[in-house]
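[1] With the input below, show me the fold.
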Amino acid sequence: MAESRLRQFKNKGRDDSASRRRRQEQTVELRKSKRMEALSKRRHVDLVEDGDDPLLSSSGMQGVDVSSMPAPAIELSPEKMDKITNALLCLQAKVEVRAAMEIVRRLVASADTINEIIQSGLLKEVVAAAIETQDPNTITEFSWILTNVTSGTTEQTEAVVNLGCIPVLVTLLRHPLTTIQHQSLWALGNIAGNSAAHRDLIAQSGVIPFVSERLQTNTPPPRTDPWQKKIILLIPWVLSNLCRFNNPSPSVELAATIIPMLMTVMINEKQMFSQTELRDCCWGLSYLTDGYPDSDGIDPLKELVSFKYNMVPLVMTMLEKVPPSNVSILVPCVRCLGNLCSGTDKQTALVVQCGMLNTVEKLLGSEVDRLIVKEAVWMLSNCLSNSLQVVKVVAECGLLQVIFNLMKTATFVVQKECAWAIRNFSAVGAPHVTPFFIRAGAVEHIHLMVSYEDNQIAQCGLEALHAMLTGAGEHLDEALLQVEEAGTLDKLEILQCSNNSAIADEAFAITDEFFASEESPSLQALAPASGTGEFTFAAPALPAVTM
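    Down below sits the predicted model:
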């Protein structure tokens, strides 16, 4: 009674370690999503301090009914509300338009004002004023405003799209001033990184021909115009956003247009581009390979990356030449290769032939960032799930012992990936490498896995154990003895009572198949059987009694 009452309160009666692990996983996922969001959206921060704004004085407001202004949706300071009010009135009256635009641009540099600017109708007036003007300074302010608004939330970017800003920005890509071209391309890149629907709108809007022309010049931009170079340096990030999202993935036609441009940047990295642009290209490839197979079991985008454009050797080169400390490039490269390893056997074989296993061994070193270690183990696990040949090579090169060591010493998120790698090694390798698996000390690590309270790791341990025992052949007695000595049999009995049905069923199946006593009736024979609408319990037949 006391226990049931305790459970009515938050976290009372729950397992603290399990709750802590769940919080840790959720925190990692949140950080990952924040990091990905930061890559897709970029804000143009106004570094100029607010000075005396020409529209803040009440002298310009004579004869205007301020009370008719919409009420703010969020609580803003009176100073900011005055700025929004004055800017809106000026744009509606078409006076001091440039100064009003400057005020709006400074306001949207602070994220807390963007919603009010949209809801008050100020953004709509900004767009209308920009369409009517020919003043380059006003247009610059306009494109800067849209850059910062589109760096905000999905709803804020949606508001920009709904106001018809995409065609306006695409037109500005051909403006004589390169500063305006640069700012417009920046805003379009933010929109492309907002959602799959917006990505497709940008792809169909005329951005691709513009960036393609700029990359095809093959000559450094003139030093007299630094904005030309800034435009070129911005292109890889825009292209990476056009590769984002996998539900749905980019079209094959779009990917076939973008991949050669990514290749151009990666090949010419030393002459014109920096590590930042190289990072964007690698993320673009990782996005393209993160899709789903079609009805034939083949992902056409993976086929483009791996075979038509043969990008695997180039990505592998990046992995080899980038230092272990450069996480921003290593992660997308490993993701790209790991995604390909989850594809067809041919794609996995190609990655392995290009030297993936040697690279993995380096990435699992002690001096490497733990995020890279996690990604590297994940990539190896994907390879092991697809290829018996990879399993055999891993057995020969000593990588299995590295995985075993990480299973003991690494962080929890790395241990989860190690559990999958061990499970895949055992399941795919049986029976060909099962004897090696047993001699390498697999039972000790499987015992560790089934002892985890995390269901996923425990399930991987049970599946690895089942596959090992099934493929043990003449080594079965040796394996069974090791399992009993490690105390794993006791764990199996406990897991049969697990609340997770898959774990309970797997533990029961292993116990019944390999540890049921020959003198005792089969455990399965004692299980309840359904008869005519009722459950009956089977029992071994008693020997006949002779008189």
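[2] Which stretches in the stretch 251-400 of the chain count as helices?
    Applying DSSP state H, counting those that start in this stretch to the stretch 251-400 of the chain gives helices spanning 252-267, 269-272, 275-288, 300-303, 312-321, 327-341, 345-353, 356-363, 370-386, 388-397, 399-409.
[3] and of these, who's closest to residue 147?
    Between residue 147 and the helices of the stretch 251-400 of the chain, the shortest gap by Cβ to Cβ is with helix 275-288, which sits at 17.1 Å. Any C-beta I mention is one placed from the backbone N, CA and C, and that applies to glycine too.
[4] That closest one: which residues count as buried?
    Along helix 275-288, these residues count as buried under the neighbour rule (16 or more other Cβ atoms under 10 Å): 277, 278, 279, 280, 281, 282, 283, 284, 285, 286, 287, 288.
[5] how far away is the fourth one from residue 234?
    As judged by Cβ to Cβ, to the nearest Å, residue 280 and residue 234 stand 9 Å apart.
[6] If you average pLDDT per helix and strand, which one of the chain comes out bottom?
    For the chain, scoring each helix and strand by mean pLDDT, DSSP states H and E identifies helix 2-6 as the least confident one, at a mean of 42.
[7] so what's the spatially closest residue to residue 277 that is not a sequence neighbour up against?
    Using Cβ to Cβ, 6 or more residues apart in numbering and skipping residues adjacent in sequence, the residue nearest residue 277 is residue 236, 4.3 Å away. Contacts for residue 236 (Cβ atoms under 8 Å, 6 or more residues apart in numbering) come out as 262, 265, 273, 277, 278, 280, 281, 284.
[8] Mind putting the buried residues of helix 275-288 into TSV with distance to residue 373 and pLDDT?
    Supplementary listing: the buried residues of helix 275-288 in TSV, determined by distance: Cβ to Cβ, whole Å; pLDDT from 0 to 100:
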residue	distance to residue 373	pLDDT
277	26	94
278	22	94
279	19	95
280	24	96
281	24	96
282	18	96
283	20	96
284	24	97
285	21	97
286	18	97
287	22	97
288	25	97
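[9] if we take those, which one ends up nearest to residue 128?
    Distances from residue 128 to these, taken as Cβ to Cβ, are shortest for residue 280 (33.8 Å).
[10] right, and the closest one touches residue 237 too?
    Yes - with contact taken as Cβ atoms under 8 Å, residue 280 and residue 237 are classed as touching, separated by 4.5 Å.
[11] Which stretches in the protein count as strands?
    Under the criterion DSSP state E, the chain carries strands at the ranges 528-530, 535-537.
[12] With distance to residue 398 added, can I get the buried residues of helix 275-288 in CSV?
    Written out in CSV, the entries for the buried residues of helix 275-288 read as follows (distance: Cβ to Cβ, whole Å):
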residue, distance to residue 398
277, 37
278, 32
279, 31
280, 35
281, 33
282, 28
283, 32
284, 34
285, 30
286, 28
287, 33
288, 33
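[13] Closest one of those residues to residue 442?
    Among these, residue 286 lies closest to residue 442 (Cβ to Cβ), at 32.1 Å.
[14] and the gap between the closest one and residue 332?
    In this structure, residue 286 lies at 4 Å from residue 332, with Cβ to Cβ as the measure.
[15] Then residue 133?
    Looking at residue 133 against residue 332, where the rule is Cβ to Cβ, the gap reads 41 Å.
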